[in-house]
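>>> Just need the structure, nothing else, for what follows:
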Amino acid sequence: MTFVYHNLKFMLLSAILIACSPAAERIERNERTFSRVQAAAVSHNGQYSLVSTTEEGLRLFDTQTNELLHNWQQEDEGISQIVSAKFSPQADVTLAASRMTLVLWDTQSGDALGAWRNDDSFILDVAVSNQGQHIVLARNDGVVLLFEPATGRRVEFRVHTDKVNKVDISANGQYVLSGGNDHQAILWQTDPVQVRHVFPLTGRVTELTLGPAGRYALVASATQAEIRNLVTGDVQQTLDLGARQKVFTTATFSPQAELLLTGTASRLVEVWSVASGKRLCSWRIKGRAGEHPPRAAIIGASFINANTIVIETSAGFSELWRLPSSCQAPRSPSSEE
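Below you'll find the predicted structure:
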């Protein structure tokens, strides 16, 4: 497959368990690759996982059957170092980016829907709306670049004053959440472009994610993690990170935004209550056998259903876990009648 990259400047076209009683139960552990994983993503519905290695390229899996659906190469001249991979909210497309290039893939057919180059600055993170109608890049020059492949519309959002580490976009492409080294996350509207809320933090933004239906968002630094109400901009809850610093490497809300699932580079999985901000359960996964100390960052995670989650690790494994009843979303009064 030959890629034609368009220059964005001119054309846009079994785990060690802790603090969890009763314990979460590991259902499956499947090896995705023998190599270390550079980047990974799990679709919002938990159906697909995408993992990237320098040796094997991009590999798309069905999380239920563990079938390898597609094996892609990002560049013609060889396998590139992938820095970010994201699914659209409906999982109809996935977007993968190296420092300078990005490719949009169709998850069903496996076709490349578009390939672009970004020569102005390094890409640090990406996000994509449904059908790939909007693509957004976080760059180390402080710019958030939004473009629409079908129309050629291009927006450079220049409100951040330092490099932008993380970015997310709503399913319809109308809102972007971006955060960087300037100690703030910004929720902004894409058409017309205007800032809706600014969320200050005590340190650089290390993780953020938009919840379903535009209700909540997580914004986090190493010492502060807040669930924000996106309508009012107010702090919904502050997560208790403890005395030590904690850097989330992945985060996602449950489909009804009742729970928040997070992972860290130190093999820690945590499930939080959005209503109370309390940690409901947590546990550490295993690394690769014979590895001391174990290295298995949680770099992708999602809910499959109300009581089952899937995670992807840098050690090259996918794991399915069943949550205990104490770690599941509370039933609403109407469901108990």
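
>>> Now do the contacts for K246.
A222, T223, A225, T264 (C-beta atoms under 8 Å, 6 or more residues apart in numbering). No exception for glycine: its C-beta is placed from N, CA and C like everyone else's.

>>> Mind giving me the PyMOL select for those residues, buried ones only?
Command for PyMOL, covering only those of the contacts of K246 found buried under the criterion 16 or more other C-beta atoms under 10 Å:
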select buried, resi 222+225+264
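
>>> how deep is the nearest residue to T308 once chain neighbours are set aside tucked in, by neighbour count?
The shortest distance from T308 to any non-neighbouring residue, by C-beta to C-beta, 6 or more residues apart in numbering, is to R322 (5.6 Å). Neighbourhood size, R322 [other C-beta atoms under 10 Å]: 16.

>>> Enumerate every residue touching R322.
Contacts of R322 by C-beta under 8 Å, 6+ apart are A24, E25, R26, I27, N307, T308.

>>> of all those residues, which comes closest to D168?
D168 lies nearest to T308 out of these, by C-beta to C-beta, at 23.5 Å.

>>> For beta bridges, what are the partners of that closest one?
N305, R322 (DSSP bridges).

>>> So it is in contact with E319, correct?
No. Counting by C-beta atoms under 8 Å, T308 does not reach E319; the two are 11.0 Å apart.

>>> ok, those two, which is more surrounded?
Set T308 next to E319 and count neighbours by other C-beta under 10 Å: E319 wins out with 22 against 16.

>>> ok, the spatially most central residue of the chain to A297 distance?
Nearest to the mean C-alpha position of the chain, by C-alpha atoms, centre = their mean, lies T250 at 5.6 Å. To A297, T250 is 9 Å away according to C-beta to C-beta, to the nearest Å.

>>> Now the common contact residues for these two.
G263.

>>> L268 is in contact with A297, correct?
No. Contact between A297 and L268 fails when scored by C-beta under 8 Å: they sit 9.7 Å apart.

>>> Just the buried residues of stretch 259-273, please?
For stretch 259-273, a neighbour-count test (16+ other C-beta under 10 Å) marks 259-265, 267-273 as buried.

>>> Now it: average pLDDT?
Across stretch 259-273, pLDDT averages out at 96.

>>> Stretch 95-109 now?
96.

>>> and the end-to-end length of that stretch?
End-to-end distance for stretch 95-109: 14 Å, by C-alpha to C-alpha, to the nearest Å.

>>> try stretch 214-230
Stretch 214-230: ends 7 Å apart by C-alpha to C-alpha.

>>> ok, A222 - contacts?
Applying C-beta under 8 Å, 6+ apart, we find A222 in contact with G203, R204, T206, Q245, K246, V247.

>>> Apply 6 Å and report the result again.
G203, T206, Q245, V247 (C-beta atoms under 6 Å, 6 or more residues apart in numbering).

>>> Check L69 too.
L60, D62.

>>> got a pLDDT number for it?
We have a pLDDT of 98 for L69.

>>> That one sits in which helix or strand?
Assessed by DSSP states H and E, L69 sits inside strand 68-72.

>>> Show me which of the contacts of A222 are buried.
T206, V247.
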